[in-house]
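>>> what's the 3D shape of this:
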Amino acid sequence: MAFDDRILDQAAAWAARTADPTFEDWDGFTAWLSIDPAHAEAYDLVMAAAADATDALRTLQSATPMAAANDDPAPGIVRRRWFIGALAASVAALGAVGLWQMQPGAYVVETAPGETRMIALDDGSTVLLAGGSRIELDHRDPRFAELEAGQALFTIRHDDAKPFRVDVGGNELVDLGTIFDVKLSGDLTTVAVSEGAVAFNPRTQNVRVDPGHVLTNVAGSAEYKLDTIAPSLVGEWSEGRLTFQDAALEVVAADLSRATGVSFSVAPGGAQRRVSGSLLLEPVRQDPASLGPLLGVKVRKADSGWVIEAR
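Numbers count the residues shown, from 1 in each chain. You can find the predicted model right below:
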């Protein structure tokens, strides 16, 4: 069976966690396995690849290099080449990000436009990273993340003694038992909550964002705006839909580019034109021009992608 990167990343993260003698979240692991039969198969693949790599390393360590009698490489060199090939195959099976996540310390996960990636954290929380996004995490502190660009949907296992923290756009978010979506687009930070609550800059402004609310802030400014949002719309991009409510076209273009992998831009003079509408991502990905009637705009093909023009 072929697995997508998201499932392999989750399997690699679970493999790293279950290998820890102090691991206790067997209920969470069992729940993950039960979601999809592919999860168990991917986990078995990861464990088998890790075992192969371990066996290869043991073979390498036990090998005694011998002098070559002719121009052929010495046996020790042959074994090293074989080990490198086996390890490369294991890396391909696990996925580069999966292996990176298994390393101790800080690590960065980055997605290409149109790609999403699920990250299983060491504390049982998960982060779904949207396309065109970048986040820094740390195995030494699984209760902290820094969103450097793009968008992420956080599903946090709450701990009163050690709340989960997110740094984004110069702001600090602290979970209060939470499912929340964070977006950093240029200098604009958006935080929307569907369950629980989030504290925005608790050591200064201490603004509470409750379910059904969305907060926006411009980097470098203490000003913020708090609006209402249907909880069902929070993180809806993860289900292949985007809804815009009085959104500037420059925001629409950026969100669509990130979510679909198709390059959208706005014609000069139209960046601040505001539109509303809800659309499925896959039809737009297949036919970018279909965006026009959905949002009441014009869409034309250009050398660099697709240009949105206000009517």
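
>>> any stretches of the stretch 1-150 of the chain with poor pLDDT?
1-6, 20-23, 50-104 (pLDDT under 70).

>>> do a quick rundown of the helices in it.
5-18, 26-35, 37-62, 75-94, 96-101 (DSSP state H, counting those that start in this stretch).

>>> tell me what the second one is packed against?
By that I understand helix 26-35. Judged by 3 or more C-beta pairs under 8 Å, 6 or more residues apart in numbering; DSSP states H and E, helix 26-35 is in contact with helix 5-18, helix 37-62. (C-beta placed from N, C-alpha, C; glycine too.)

>>> now the one residue sitting closest to the centre of the chain. Nearest residue, chain neighbours left out?
The residue lying closest to the centre of the chain (C-alpha atoms, centre = their mean) is Leu129, at 2.0 Å. Nearest residue to Leu129 in three dimensions, chain neighbours excluded: Arg117, at 4.7 Å (C-beta to C-beta, 6 or more residues apart in numbering).

>>> what of Gly220?
Gly170 is the one closest to Gly220 (C-beta to C-beta, 6+ apart), at 6.6 Å.

>>> so how far is Ala106 from Gly169?
Distance of Gly169 to Ala106, given as C-beta to C-beta, to the nearest Å: 20 Å.

>>> ditto for Gln245
Gln245 is 36 Å from Ala106, by C-beta to C-beta.

>>> and the residue nearest to Leu129, how many neighbours?
Burial of Arg117 is recorded as 23 neighbouring residues (other C-beta atoms under 10 Å).

>>> packing partners of the top strand by length along the chain?
Looking across the chain with DSSP state E, the single longest strand is strand 144-155. In terms of contacts (3+ C-beta pairs under 8 Å, 6+ apart), strand 144-155 is packed against strand 126-129, strand 134-138, strand 165-168, strand 179-185.

>>> distance from that strand to the middle of the chain?
Put simply, strand 144-155 sits 7 Å off its chain's centre (C-alpha atoms, centre = their mean, to the nearest Å).

>>> who touches that strand?
Applying C-beta atoms under 8 Å, 6 or more residues apart in numbering, the external contacts of strand 144-155 come out as 108, 111, 125-138, 164-168, 175, 178-185, 234-235, 237-238, 258.

>>> the stretch 201-311 of the chain: helices as residue ranges?
Under DSSP H, counting those that start in this stretch, the stretch 201-311 of the chain gives helices at 249-260, 281-286, 291-295.

>>> let me see the contact set for the closest residue to Thr260 other than its chain neighbours.
Distances taken as C-beta to C-beta, 6+ apart put Arg285 closest to Thr260, at 4.3 Å, once the chain neighbours are dropped. Listed by C-beta under 8 Å, 6+ apart, the contact set of Arg285 reads 114, 260-262.

>>> can you check these and name whichever has the most neighbours?
Thr260 (24 neighbours).

>>> I'd say it and Pro283 touch.
No. Thr260 is beyond contact range of Pro283, at 10.0 Å (criterion: C-beta atoms under 8 Å).

>>> now render the contacts of Arg285 as CSV, adding distance to Ala48.
Output for the contacts of Arg285, formatted as CSV (distance: C-beta to C-beta, whole Å):
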residue, distance to Ala48
Gly114, 30
Thr260, 35
Gly261, 32
Val262, 37
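
>>> ok, Glu236 - how many residues close by?
18.

>>> wait, isn't it in contact with Phe244?
No. Counting by C-beta under 8 Å, Glu236 sits too far from Phe244 to count as a contact (11.2 Å).

>>> rewinding a little: now, of the contacts of strand 144-155, which are buried?
Buried members of those, scored by 16 or more other C-beta atoms under 10 Å, are 111, 125-135, 137, 164-166, 168, 175, 178-185, 234-235, 237-238, 258.
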